[in-house]
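> Whatever this is, show me its structure:
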Amino acid sequence: MREFGGPEVLVAGEAPDPVAGPGQVVVEVEFANITFVETQYRATGAGPFPARPPLVPGNGVGGAVAAVGPGVDPALIGRRVVSGTGGSGGYAERVAVAADGLVAVPAGLAMDTAVALLADGRTALSLVRAAAPRPGDRVLVEAAAGGVGTLLVQLAGAAGATVVAAVGGPRKADVARGLGAAVVVDYRQPDWSERVREAVGGLDVVFDGVGGAIGRSAFELVERGGRMYSYGLAGGSWADVPDEAAAAREVTIRRGPPGNPARLLALTADALAEAEAGRLRPLIGQRFPLERAADAHRAIETRATVGKTLLTVHHP
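Presented below is the predicted three-dimensional model:
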């Protein structure tokens, strides 16, 4: 990626093999993670990633440790791991990452499942633990057919909540129903919030992965003492909810990422353990070979995807 712009700025090419520096390992990548925020970063440079072009994009990978740098235990070689990359380097056959940022993949878990949970699993677990939905709570999940949304539907349902899924289009509605959502609405329709009101009355919890006007409409459905957790900007901005409006109804609002690096590692490990135990199942809706990263970004941006999108790099 030599400049910011459309998906076409992602071009396959050759780069020198990475070398593990002190405290690092080299991972032979099997699958690379893609998140919506990476498409925003590619387009405009907006987002949490510090690097600037030219660069190899990609913020999460899974594979086997191929080499270790000075000060790193050689016993790690061959271990199956997932890891963040610090914001760049992931769309590649090999990447050097910090050894203290590795999360071991349980023996019984497929690597593609682990990578699908690397970012989305920790986000979903963090949100559900913070919101603590109770049996009978009415919980709205926006973008319920997306990577995080599909996990939130499962987790909220397992907690005994009545899950209301807001999605864009019939295909995504079918996905949400298949995951156990009790009520499904299409938030592309102008009366979607009225349909929620008719179905369940108000809401106790909102998981806002869209923001913007949809997030604001969702806030209006939250009953006194409810909770709203905003974690995504698919709509281009946080939901415009004035503090005084939230205070007037005693609605708790939280925005932003799930925590510091140590907490993120712990949440990722927990997500992988939940998946190994069969209690969490990521929906991998589409896979693209590494050289088609531009097509993967294009599909995400045009809202043509469901669940998680992965880049397939190596087949062990």
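
> how does this protein divide up, domain by domain?
7-104+283-312, 121-255 (automatic domain parsing).

> Can I get those domains in a markdown table including distance to E276 and mean pLDDT?
To be clear about C-beta, it is placed using only N, CA and C from the backbone, and glycine gets the same treatment. Listed next are those as a markdown table, based on distance: least, Cβ to Cβ, whole Å; pLDDT from 0 to 100:
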| stretch | distance to E276 | mean pLDDT |
| --- | --- | --- |
| domain 7-104+283-312 | 11 | 96 |
| domain 121-255 | 12 | 95 |
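
> Could you identify which of the ones you listed is most buried?
Comparing the domains of the chain by mean neighbour count (mean count of other Cβ atoms under 10 Å), domain 121-255 comes out on top with a mean of 20.

> how long is that one end to end?
17 Å (Cα to Cα, to the nearest Å).

> Which of the three states applies to G87?
Of the three states, G87 takes coil under DSSP: H, G, I helix; E, B strand; the rest coil.

> and the domains of the chain as CSV, adding distance to L265?
Below are the domains of the chain laid out as CSV (distance: least, Cβ to Cβ, whole Å):
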stretch, distance to L265
domain 7-104+283-312, 6
domain 121-255, 8
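
> Nearest to A271 among the ones you listed would be which one?
Among the domains of the chain, domain 121-255 comes nearest to A271, with 2.9 Å by Cβ to Cβ.

> tell me how far the closest one is from the chain's mean position?
15 Å (Cα atoms, centre = their mean, to the nearest Å).

> same for the strand or helix carrying R42, what does it pack against?
Using DSSP states H and E, R42 falls within helix 36-44. Packed against helix 36-44, as judged by 3 or more Cβ pairs under 8 Å, 6 or more residues apart in numbering; DSSP states H and E, are the following elements: helix 293-301.

> The helix it packs on to helix 36-44, inter-axis angle?
110 degrees (axes from the mean of the first three to the mean of the last three Cα atoms, to 10 degrees).

> So which elements touch helix 293-301?
Applying 3+ Cβ pairs under 8 Å, 6+ apart, one finds that helix 293-301 makes contact with helix 36-44, strand 284-289, strand 308-312.

> ranges for the helices of this protein?
Assigned by DSSP state H, the helices in the chain fall at 36-44, 111-118, 120-131, 147-158, 170-178, 192-200, 212-221, 243-248, 261-276, 293-301.

> now the angle from the longest one to helix 111-118?
Using the same axes, to 10 degrees, the direction of helix 261-276 lies 140 degrees away from that of helix 111-118.

> per-residue confidence averaged over helix 261-276?
When pLDDT is averaged over helix 261-276, the result is 95.

> Let's have the helices and strands packed on helix 293-301 in JSON lines, adding distance to V222.
Formatted as JSON lines, the helices and strands packed on helix 293-301 follow (distance: least, Cβ to Cβ, whole Å):
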{"stretch": "helix 36-44", "distance to V222": "24"}
{"stretch": "strand 284-289", "distance to V222": "29"}
{"stretch": "strand 308-312", "distance to V222": "28"}
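
> between those, which gets nearest to T302?
Of the helices and strands packed on helix 293-301, nearest to T302 by Cβ to Cβ is helix 36-44, at 10.3 Å.

> on that earlier part again, include distance to L10 when you put the helices of the chain into TSV, please.
Output for the helices of the chain, formatted as TSV (distance: least, Cβ to Cβ, whole Å):
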stretch	distance to L10
helix 36-44	7
helix 111-118	19
helix 120-131	21
helix 147-158	19
helix 170-178	25
helix 192-200	34
helix 212-221	26
helix 243-248	39
helix 261-276	26
helix 293-301	4
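
> Much appreciated, bye for now.
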